[in-house]
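Novice: Coordinates for the following, if possible.
(2 chains)
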Amino acid sequence: MATLVQAVRMALHVGEERLGVTDIFGQDVGPPLGGVFTATQGLRTAWNTPLDERGIVGMAMGLALAGQKPVAEIQFCDYAFNTIDLLKLCGNTYWSSAGDWNVPMTLMTPVGAGIHGSIYHSHSFDAQATRIPGWKIVMPSQPRDAYGALLSAIDDPNPVMVLLPKALMRARAESEAELIPGEPDARELRARIDAPIGDRSAWVPDWPDTPIEQLPIGKAARLREGTDVSVVTYGRLARVAMRAADQLRAQEGLSVEVLDLRWLHPYDWDAIAASAHKTGRVLFLNEDTEITNFGEHLIRRTCEDLFADLKIAPRLHAGAHLPGVGLAEPLEAASVPTMASTLEAIREAARAPEVGRSLRDVPRVVRRAPVVDYAIDPRELAGHAAHRDVFARSLRYR
Amino acid sequence: MLEGRVLEERLIRMQRQGEGYFWIGGPGEEAFNACVGLLMKQGQGLDYDYLHAHYRSSATLLALGAPSIDALRQMHNVKTDPYSQGRNFVGHFSKREWNVAPITSPIEVQFSIAIGTAHAQRRHGGEGITIVQGGDAGTAEGDFATCLVWSSRPNAELPILMIVTNNEWGISTHASTQHGEKNIADRGKAFGIRTAICDGNDVESAWFALEEAMRYVRNERRPFLLQANVSRLYGHSSSSGSNYVESETDCLNVLADKLAARGFRSPDETKRLREQIEASMRAWYEQVITEPKPDPEDAFDFVFADKNHVGGEA
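Specialist: As a prediction, this is how the structure comes out:
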């Protein structure tokens, strides 16, 4: 049973053996390390670059123009901000050259909070990425989706950005449906494709035979079906929302629908509209900072297109508009949505008085004092021993 | 060279007449840029030279065989503009058929992108090289350093010719007020990159310097940094007036004097040749201003490709 990062690695292997990937590169991507998250261990075409993000993106673009099939990695999205104008060029080259040059490149980068990454290993990138037209953008939340996302990205003739929630790198499939066809069990897979500790110069991976299974571009996944409220989310918080939905159903009788958008561009408007039509209550949930957040766009479109369906104004639960995500647990937990704050946001959306009804007609929602706990479930980090103790603690402040 | 100048002067006039919104171009770089075009190994794919040029490269394109009328079309942003179909400024050429990568307005980004085509050519072998060209002011950008570092990685040296056309100006700012290095080419030396400086206003100096640099990159599969000192004859762009600068050396006069002194072409013959080209340019211009603009819905074309054209899909 693969972790998300193993799924990425297996997809890249399939990409270089069967989809023509010529180069997988970035800082520390090649041997001996194979990526700081191990996403590129044992890959035939992986190589190390200088510590130069602009060079990494430029190299990918030039390789693509030369008919190659590059997969570039920016080690943390926090360090992609100095490449924004190159990312714009990747996105506008096909358009500005009136269809002369397409740019078939994949850019993958770890995003988001949840590993105690402090100010420069906790950034989100979805608000930035969705501001750059000409890119397809995907953010998987489980291994099989990550596997398919990479293969879709590689096979697409356009620039595709794969945002990998770093808190989920060690997350595993949680159901049969999330298993990659052909993958062996966790122990066997580890023995076959994880590089050994110490000298690995003679090591060669023994890749399992897995298929070219793509993640349909622009298709969301419904993680939980419900009728009271819709939560539209992606990435790390898709897992949080799923657990929150289960807890609210079991303990409070709320029926919560959870949509994992997966693709931020193009995004699955039909799925959002169908869910909003059903529940009339939509909560958009992501961890990027809340001002000019991608969820705000979705709220705008929900208001404009689905107003008649809505029982309450659509809501956004997102990261606070702060200059950074602080290192100390209380600071991090106050900066980005947590399990507790997500539960609260869903409850409020589910119970808020319906627009147009008199407030006297509905039970008042008692606003509780802010409850903050840590968002990351320890199960998501199984095997990530260094963080286990921290995640096991549940912090509460009143 | 002459056609390049006549073209640029027509483009400037079009901008002043309101038949184009903005002019930027290469008057003053014709001698050097024509040599780039003539010496390039022209074609499509890894076996041929890739060109990552800048927006002063019209003479290069003409030397490769691009018709002047297409530059006029881009100036007038008509749908028949083959480089961008009315989307981009004049001088922003793009021609995949000849490995001419899309020219961009951001300064120096081409130096970060060029390492990619060069890397592919290093792996491919053969004679094809990557040529990347920008101005002197742009070398202050990090992308220039990117190109120096990535092209000289040990055991991974790139077959890339870096060209800096040095007109000593960045819009209104003179290089002497911003740059402490004596010569831009010297920056290559720290990386073990072979360098040269030529007089880009003199077609013979430019030709032989380019020929030698290209031969080295082609055969040795290693980087080369060539600094070509040139003039900027009509200022930065239409935003700075686009008036002829009398104090700068004019490469056309340098060539005309040489041709006359050696008995190849008299001043009168040069004058007649220029008048012929001007007449043709006027006729092309008159045609272009009758051509249609793009339709509003055309803005939505070419956002995403459904085929991998650069990968060979037709």
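Novice: quick one: secondary structure of B:Gln227?
Specialist: Assigned by DSSP: H, G, I helix; E, B strand; the rest coil, the conformation of B:Gln227 is strand.
Novice: How about chain A: which residue is closest to chain B?
Specialist: Chain A approaches chain B most closely through A:Gly62 (1.7 Å), counting by CB to the nearest CB. Yep, even glycine has a C-beta here, placed from its N, CA and C like the rest.
Novice: Would you mind confirming that that residue is in contact with B:Ile115?
Specialist: Yes. Using CB atoms under 8 Å, A:Gly62 is in contact with B:Ile115, at 5.8 Å.
Novice: what residues do the two have in common as contacts?
Specialist: Residues touching both A:Gly62 and B:Ile115 by CB atoms under 8 Å, 6 or more residues apart in numbering or on different chains: B:Thr130.
Novice: In contact with the residue of the stretch 51-200 of chain B found nearest chain A, which residues?
Specialist: Closest to chain A within the stretch 51-200 of chain B is B:Gly116: 1.7 Å, counting by CB to the nearest CB. When contacts are counted by CB under 8 Å, 6+ apart, B:Gly116 touches A:58-66, A:68, A:70.
Novice: same check, this time on B:Phe111
Specialist: With contacts defined as CB under 8 Å, 6+ apart, B:Phe111 is in contact with A:58, B:52, B:132, B:134, B:138, B:141, B:143-144, B:146-147, B:162.
Novice: how near is the residue lying closest to the residue of chain A closest to chain B once chain neighbours are set aside to A:Tyr267?
Specialist: Spatial nearest neighbour of A:Gly62, chain neighbours left out: B:Gly116 (1.7 Å); criterion: CB to CB, 6 or more residues apart in numbering or on different chains. Relative to A:Tyr267, B:Gly116 is positioned 30 Å away (CB to CB, to the nearest Å).
Novice: any idea of the pLDDT on the residue of the stretch 51-200 of chain B closest to chain A?
Specialist: The model reports B:Gly116 with a pLDDT of 98.
Novice: how about the residues of the stretch 1-150 of chain B near chain A?
Specialist: Within the stretch 1-150 of chain B, the residues that sit near chain A (CB under 8 Å from any CB of the partner chain) are B:45-46, B:50, B:81-85, B:87-88, B:92, B:94-96, B:101-102, B:104, B:106, B:109, B:111-121, B:123, B:130, B:142-143, B:146, B:149-150.
Novice: Give me the buried entries from those residues.
Specialist: Buried members of the residues of the stretch 1-150 of chain B next to chain A, counted by 16 or more other CB atoms under 10 Å in any protein chain shown: B:45-46, B:50, B:81-85, B:87-88, B:92, B:94-96, B:101-102, B:104, B:109, B:111-121, B:130, B:142-143, B:146, B:149-150.
Novice: Now do the buried residues in stretch A:190-209.
Specialist: By 16+ other CB under 10 Å, the buried positions in stretch A:190-209 come out as A:193-195, A:200, A:205, A:207-208.
Novice: Minimum pLDDT in those residues, which residue is that?
Specialist: pLDDT across these is at its lowest for A:Arg200, which sits at 91.
Novice: Am I right that that one is in a helix?
Specialist: No. Counting by three-state DSSP, A:Arg200 is located in no helix; its state is coil.
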